[in-house]
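In: whatever this is, show me its structure:
(2 chains)
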Amino acid sequence: MDSSRYIAKHVINLPKSGIRDFFEIVSKMKDVISLGIGEPDFDTPWHIREAGIYALEKGKTHYTSNLGLIELRRAINKYVEKNYSVSYRPEDEVIITVGVSEALDLACRALINPGDKVMFHQPCYVSYSPSITLAHGEAVPVPTFAKDNFALTVEALRAAWQPGCKLLMLNLPCNPTGGTCDRSQIEAIAKFAIEKDLIVLSDEIYSELTFEGVHTSIASIPGMKERTIFLHGFSKAFAMTGWRIGYACGPAGLIEAMMKVHQYSMLCASIISQEAAIEALVRGEDAMKKMRDQYHRRRDFIVRRFNEIGLKCHLPRGSFYAFPDVSVTGLNEKDFAIGLLQAEKVAMVPGTAFGANGSGFCRACFATSYEQLIEAGNRIERYVQSLAKKS
Amino acid sequence: MKPIVKLLLEGGSLNTAQMAQVLKLSEAEVNRQLDELKKEGVLLGVRPVLNLSQEDSGLVRAVIEVRITPERGGGFNRLAERISRFDEVESCYLMSGGYDLLVFVNGASLQKVAAFVSEKLSTIEGVLSTATHFMLRSYKENGFLIEGKAAENERLKVTP
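Out: Model prediction:
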């Protein structure tokens, strides 16, 4: 029986993630140095894990309120107020979700009517466009460019805008480019959002990992709090990817709408993760800064190496990704990545996995040990030199 | 903290050529800086961290609390330095609290450690008392867990 005819059209038409294809190839190989991993190499700091264990010991094994533990929502408000200069009422302006991914999905499903258009910058995290499609919206990609260090410019937004655009998704600093926007650029985007009456979904999951300058949340710009859903989580800064814990803050009406979807689909996030998340916010800052410092030094090293090797690489101001331009080798990003994997057993993700305009680039995650980064750099150098000899 | 010191702490077992690459220095310069750290007394040495129970070395380790009489002029230093010079002494610290020196001792057998304490340590003029605790089992050595560290490669090889 052909089961495909039972599958919903908007699902069957979703493209398979390019990451998935690449994963299939890499997972069959041995002794690969992988720069293709989208998560910290650190385990969750022990005091946070301890808080999870303690929660289990104390019998915290039940449902929480749909919005999440009020203690956690209070801690989130304090943390967000201190670090992002915007304040949310813990009672009705904060919702705890299963990772930022769920928060993003909730926002899409709560806000998008069939046919509504949603702008998002590309290259971007793999789930943005599918989340829009799954909510029956129409994806409107806005390109970012290497010449701008992959910051989102208001000019690109203006060029891509079309009637019917309702939402704008931001991910700054950005996976996979590490690009971000400074305050004046954020202000320009905010002005544009107000002018075009857009609601902004701002995924700031990499914000703590900003290495130069100060991260500015668009929610903190005057006039933006009421039209922004601030999305954040614990995975990257606190090395808690497997705990699946994130949150959304925004106007009570929008959070209430997201909560409706959440309560009928997820009910609540894991209570153990919520308890551990409180510990992360209240006492996790030192461990987080220590990890950030290490990412910072590794970034400086790997970006310098890429440029030495001849793969032009802008300095990513945030995140733990470098996004070198591999087009100088004469290969496209997919052939380069596959060739590198086969010749030297180093995995980088082809930029087109993150959108069509990632073409010519590969993503290299530098959240890995110095030994691995040094060896990867040497192998990539050897591979690039071998390509130059051939041509 | 100097970049090279940070890298020594962070970079685990990098060799000088690798350190040179990370720091963007020549290998000769890395060696020069390491020598300088040694001269300054910052870098005392580099040693492997071993799980000795696996090595079946028969090594016996003990921690000894030592009370000593401070001296006019030198305080605890002269005696502490004297005790530190014994080969058996691995580390020696001046402590606050109920005793003065905490001395980490290695020996080939229980008898040898006991002999060191009774014949060498406690007979030093100025040593008032000793309390010896033998180590039974190690769970963490110099920042390394003996067991239970999840391997780096438990992460999926490629994730978004």
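In: check what pLDDT the residue in chain B sticking out farthest from the centre gets.
Out: Farthest-out residue of chain B from its mean C-alpha position, per C-alpha atoms, centre = their mean: B:P160, at 41.7 Å. We note a pLDDT of 86 for B:P160 in this prediction.
In: check B:G73 too.
Out: So B:G73 comes in at 86 (pLDDT).
In: residues near it, how many?
Out: By other C-beta atoms under 10 Å in any protein chain shown, 7 other residues sit near B:G73. Placement of C-beta: from N, CA and C, glycine included.
In: kindly report the same for B:M1.
Out: Neighbour tally, B:M1, other C-beta under 10 Å: 8.
In: now swap in A:L67 and tell me
Out: 25.
In: quick one on the thing from earlier: pretty sure the residue farthest from the centre of chain B contacts A:V126?
Out: Yes. Assessed by C-beta atoms under 8 Å, B:P160 is found in contact with A:V126 at 4.5 Å.
In: what residues are shared contacts of the two?
Out: A:S17, A:I19, A:A353 (C-beta atoms under 8 Å, 6 or more residues apart in numbering or on different chains).
In: who's in contact with A:L267?
Out: Counted by C-beta under 8 Å, 6+ apart, A:L267 has contacts A:Y63, A:N66.
In: for it, give me phi and psi.
Out: phi 70, psi -70 (degrees, to the nearest 10).
In: one more: A:T97?
Out: According to degrees, to the nearest 10, A:T97 has phi -130, psi 170.
In: name the SS class of the residue in the stretch 101-250 of chain A positioned nearest to chain B, please.
Out: Nearest residue of the stretch 101-250 of chain A to chain B: A:V126, at 4.5 Å (C-beta to the nearest C-beta). With DSSP: H, G, I helix; E, B strand; the rest coil as the basis, A:V126 sits in coil.
In: what's the burial count for A:A356?
Out: 11.
In: would you agree it is in contact with A:C124?
Out: No. At 11.2 Å, A:A356 and A:C124 do not qualify as touching, with contact defined as C-beta under 8 Å.
In: how much space separates B:S118 from chain A?
Out: 40 Å (C-beta to the nearest C-beta, to the nearest Å).
In: A:L254 belongs to a helix?
Out: Yes. Counting by three-state DSSP, A:L254 falls inside a helix.
In: from A:K117, how far out is the residue nearest to it when sequence neighbours are not counted?
Out: Sequence neighbours aside, A:I229 is the residue nearest to A:L254 in space, at 6.0 Å (criterion: C-beta to C-beta, 6 or more residues apart in numbering or on different chains). To A:K117, A:I229 is 17 Å away according to C-beta to C-beta, to the nearest Å.
In: show me what counts as buried in the helix or strand bottoming out on mean pLDDT in chain B.
Out: Least confident helix or strand, chain B: helix B:52-55 with a mean of 74, by mean pLDDT, DSSP states H and E. Within helix B:52-55, the residues scored as buried using 16 or more other C-beta atoms under 10 Å in any protein chain shown are B:L52.
In: which residues does it contact?
Out: So helix B:52-55 is contacted by B:L59, B:R61, B:R137, B:S138, B:I146 (C-beta under 8 Å, 6+ apart).
In: for B:S129, give me the pLDDT.
Out: Residue-level pLDDT assigned to B:S129 equals 97.
In: how is the chain divided into domains?
Out: Since you didn't name a chain, this refers to chain A. With domains defined by automatic domain parsing, chain A comprises A:3-44+A:286-390, A:46-283.
In: chain B was what I was after
Out: B:3-40, B:52-136.
In: where do the strands of chain A begin and end?
Out: For chain A, applying DSSP state E gives strands covering A:33-34, A:94-97, A:117-122, A:138-143, A:165-171, A:199-203, A:228-233, A:246-249, A:321-322, A:346-347, A:349-350, A:362-365.
In: follow-up on the earlier one: quick check: the farthest pair among the contacts of helix B:52-55?
Out: B:L59 and B:I146 (14.8 Å; C-beta to C-beta).
In: hmm, who's touching the lowest-mean-pLDDT helix or strand in chain A?
Out: Within chain A, confidence by mean pLDDT, DSSP H and E is lowest for helix A:18-27 among all helices and strands, at a mean of 86. Residues outside helix A:18-27 that contact it (C-beta under 8 Å, 6+ apart): A:32, A:34, A:36, A:126, A:337-338, A:341, A:347, A:349-350, A:352-354, B:156-160.
In: so which elements touch the helix or strand harbouring B:A80?
Out: Taking DSSP states H and E as the definition, B:A80 sits inside helix B:77-84. Under the contact criterion of 3 or more C-beta pairs under 8 Å, 6 or more residues apart in numbering or on different chains; DSSP states H and E, helix B:77-84 touches strand B:60-68, strand B:89-94, strand B:101-107.
In: who in the stretch 151-300 of chain A is up against chain B?
Out: Neighbours of chain B within the stretch 151-300 of chain A, by C-beta under 8 Å from any C-beta of the partner chain: A:N175, A:Q294, A:R297.
In: the second one: neighbour count?
Out: Per other C-beta under 10 Å, the neighbour tally for A:Q294 reads 20.
In: likewise the last one?
Out: Neighbourhood size, A:R297 [other C-beta under 10 Å]: 19.
In: tell me the pLDDT of it.
Out: pLDDT, read off for A:R297, is 95.
In: that one touches B:K6, doesn't it?
Out: Yes. Here A:R297 reaches B:K6: they are 7.3 Å apart, a contact under C-beta under 8 Å.
In: have a look at the chain and report its longest helix.
Out: Looking at chain A here, since you left the chain open. Ranked by residue count, the top helix of chain A under DSSP state H comes out as helix A:285-309.
In: that's the wrong chain, I wanted chain B
Out: helix B:27-40.
In: show me what residue of chain B gets nearest to chain A.
Out: Counting by C-beta to the nearest C-beta, chain B gets nearest chain A through B:V158, at 3.9 Å.
In: list the contacts for that residue?
Out: A:I19, A:F22, A:F23, A:V26, A:S27, A:S34, A:G36, A:I37, A:A347, A:V349.
In: could you tell me how many residues sit around the fifth one?
Out: Right, the one you point to is A:S27. 13.
In: from A:A257, how far off is it?
Out: 39 Å.
In: ditto for the third one
Out: With distances defined as C-beta to C-beta, the gap from A:F23 to A:A257 amounts to 35 Å.
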